[in-house]
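1. Using only what follows, build the 3D model:
(chains A, B and C)
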Amino acid sequence: MFDSIQFSSIGEFFSMGGYAFNVWTVYTLFVLFFAINLYFPLIRKKQILSEQKRRLIVNREMQTLKNDDGENS
Amino acid sequence: MVRPGEHDILLTSMHNLNSRQESAVQRANYMWMWFSKLGSPKWFYELSGKWLPWLVVAMSLLLVVGITWALLFVPPDYQQGNTIRIMYIHVPFASISLAFFPLMAVAGTITLVWRMKLADMVAKTAAPLGAWFTALALASGSIWGSDIWGTWWIWDGRLTSMLLQFFLLVGVISLRSALEDAEAAAKACAVLSIVGCINVFVIKYSVDWWNTLHQPSSGFSLSDQAPNPPEVWIPLVIMIFAIYLFFAVSLILSIRNEILVRERRSQWVEELVQGT
Amino acid sequence: MKPHRQKRLGIVLFIAVSLSLAIGLTLFALSQNIDLFYTPTQVAQGEVAAGQRIRIGGMVKEGSLYSADDSLMVQFATTDYVNDVMIHYEGILPDLFREGQGIVVEGSVDAAGVFRASRVLAKHDENYMSQEVKAALDAAGASATNHPLTSQPES
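-> A predicted model of the protein is given here:
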């Protein structure tokens, strides 16, 4: 029922019986889509975290500045 | 409407009830707690964080097995030769594409009725993902058809309704970005998603209702001496599961980002940010 | 009108238009005959006016294919096993084109009553299998059919 490898050489595998363009384009599209779809959310997460961290630091500095002002006057 | 913070009050007040009533109310209350917990972004963030590694492992395993099988071991089709290997990408993407509108409609309904925060995040992140999945289903089908059918495109029932789904998804995305008021945007997108579900039936049954260039859905045979034998469909089933997991992982990653943005002023996110 | 009101009106219009477009298109699709092609029988019954650009779907009749030696000209009959339509075509054929294959042709009937196709597309069925399985099925006499047209409930 389950056949062995359908190609007898690497060359035959890459040529896909004359359908190299169709088969490999589809699989390339898939790999690109797969990689992009996992990579971008991860990059975005880093970006969000660093943005939020900066916001928190700025907030804290503002707070200390305000407190300092309060003490001086 | 019970807000998360009010459970304790409800629970204490329940002690005043007699025991029989108590158990019924308690059960209902626990169910409600579970339901609203499910909608709590914090809860989802923590749970999905635990699940993600396992989902990624399962996805990777299935993908490696599925793609190796599809590219190397599936016998060439008697008519289509090696282009049958395109099926193992095209069919999973096409089948998952049909799940987006129902998913967004369910999430949209929950948003409209219960205003659960998480539901709208699911709806928002699913739309662009759905557009990409639909686009890949269309592109892979087009590349497959270019030589086998003799055309890249034809306006038949199946292809046209699938293209309509792509534009509907683009419509949902642009509707959300066009509306400044987040709540109004969520409602509008929910309504559009519910209406868009009609098109899913059109896509699904287009090949049965009308004559099309696209062939009807394949069945599968348990016999290995019949059309669509196990050597053809087992790797397909593996790829369908693999790509469903890929969809789940992508969606969870996007939802987690959306949670971090929308809940940025909550204490737990601030703590999480400081910990990095 | 205040700017934000104007924006809201625009948005409401946008929703209304896209909603009605979606519903309209779907209802149109449901009600209209959006079949891709006519069958040879429909053509034989005179459902198609001469000169009208149409598509015909059928099988390439066994033994009807004639191809010219010096050009890309081919001539064949397309059939739904009830009626035949003769097709003239000059151009590139899809890879799956052969006798017994489901096809869709695009073109029109000329003054001489000949259907001149400008495009020939292959229509395959939903059965996938290896050459070995196909051969075994054929040997067993079980007609592993390639009749995408006859498998339709009504065509």
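2. confidence score at B:Thr212?
-> pLDDT, B:Thr212: 86.
3. how many neighbours does it have?
-> When neighbours are counted by other Cβ atoms under 10 Å in any protein chain shown, B:Thr212 registers 27. Using the backbone N, CA and C atoms, a C-beta is placed for each residue, glycine as well.
4. That one touches B:Thr160, doesn't it?
-> No: here B:Thr212 does not reach B:Thr160: they are 9.2 Å apart, not a contact under Cβ atoms under 8 Å.
5. Quickly find the element holding the residue nearest to B:Phe44 when sequence neighbours are not counted.
-> Spatial nearest neighbour of B:Phe44, chain neighbours left out: B:Leu118 (5.6 Å); criterion: Cβ to Cβ, 6 or more residues apart in numbering or on different chains. Element membership of B:Leu118 [criterion: DSSP states H and E] is helix B:117-148.
6. which residues in chain A form strands?
-> Counting by DSSP state E, chain A has no strands to list.
7. list the contacts for the residue of chain A found nearest chain B?
-> Nearest residue of chain A to chain B (Cβ to the nearest Cβ) works out as A:Pro41 at 3.6 Å. Contact analysis of A:Pro41 by Cβ atoms under 8 Å, 6 or more residues apart in numbering or on different chains lists B:250, B:253-254, B:256-257.
8. Among the residues you listed, which one sits closest to C:Gly100?
-> Of all the contacts of A:Pro41, C:Gly100 sits closest to B:Ser250, with 43.6 Å by Cβ to Cβ.
9. what comes into contact with stretch C:77-94?
-> B:147-151, C:39-41, C:43-44, C:56-61, C:64, C:71-76, C:103, C:105, C:107, C:114-122, C:149-150, C:155.
10. related to what we said a few turns ago, out of the contacts of A:Pro41, flag the one nearest to chain A.
-> Comparing these against chain A with Cβ to the nearest Cβ places B:Leu253 closest, at 3.6 Å.
11. Identify the residues contacting the closest one.
-> A:38, A:41-42, A:45, B:52.
12. Now with 7 Å, please.
-> Residues in contact with B:Leu253 (Cβ atoms under 7 Å, 6 or more residues apart in numbering or on different chains) are A:Pro41.
13. shaky segments in the chain?
-> Went with chain A since none was named. Low-confidence segments of chain A (pLDDT under 70): A:1-3, A:70-73.
14. Chain B, not that one
-> Counting by pLDDT under 70, the ranges of chain B that qualify are B:1-22, B:31-39.
15. Can you give me the domain assignment for it?
-> For chain B, the structural domains run B:1-38, B:46-274, going by automatic domain parsing.
16. Would you point to the one among those that's packed deepest?
-> Among these, ranked by average contacts under mean count of other Cβ atoms under 10 Å in any protein chain shown, first place goes to domain B:46-274 (a mean of 19).
17. what's the span of it from first residue to last?
-> Terminal residues of domain B:46-274 lie 17 Å apart, using Cα to Cα, to the nearest Å.
18. so how far is it off the chain centroid?
-> Distance of domain B:46-274 from its chain centroid, counting by Cα atoms, centre = their mean, to the nearest Å, is 6 Å.
19. And for stretch A:46-54?
-> Centroid separation between stretch A:46-54 and its chain, computed with Cα atoms, centre = their mean, is 16 Å.
20. So what touches that stretch?
-> Here stretch A:46-54 makes contact (Cβ under 7 Å, 6+ apart) with B:257, B:260-261, B:264, B:273, B:276.
21. residues in the stretch 151-276 of chain B within reach of chain C, list them.
-> Within the stretch 151-276 of chain B, the residues that sit near chain C (Cβ under 7 Å from any Cβ of the partner chain) are B:151, B:154, B:156-157, B:161, B:164, B:168, B:171, B:175, B:178-179, B:188, B:192, B:195-196, B:198-199, B:202, B:210-213, B:215-218, B:225, B:227-229, B:232.
22. One more: the stretch 1-150 of chain B?
-> Taking Cβ under 7 Å from any Cβ as the contact definition, the stretch 1-150 of chain B meets chain C at B:75-80, B:84, B:147-150.
23. Could you dump those into a markdown table with secondary structure added?
-> Output for the residues of the stretch 1-150 of chain B next to chain C, formatted as a markdown table (DSSP: H, G, I helix; E, B strand; the rest coil):
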| residue | secondary structure |
| --- | --- |
| B:Pro75 | coil |
| B:Pro76 | coil |
| B:Asp77 | strand |
| B:Tyr78 | coil |
| B:Gln79 | coil |
| B:Gln80 | coil |
| B:Ile84 | helix |
| B:Asp147 | helix |
| B:Ile148 | helix |
| B:Trp149 | coil |
| B:Gly150 | coil |
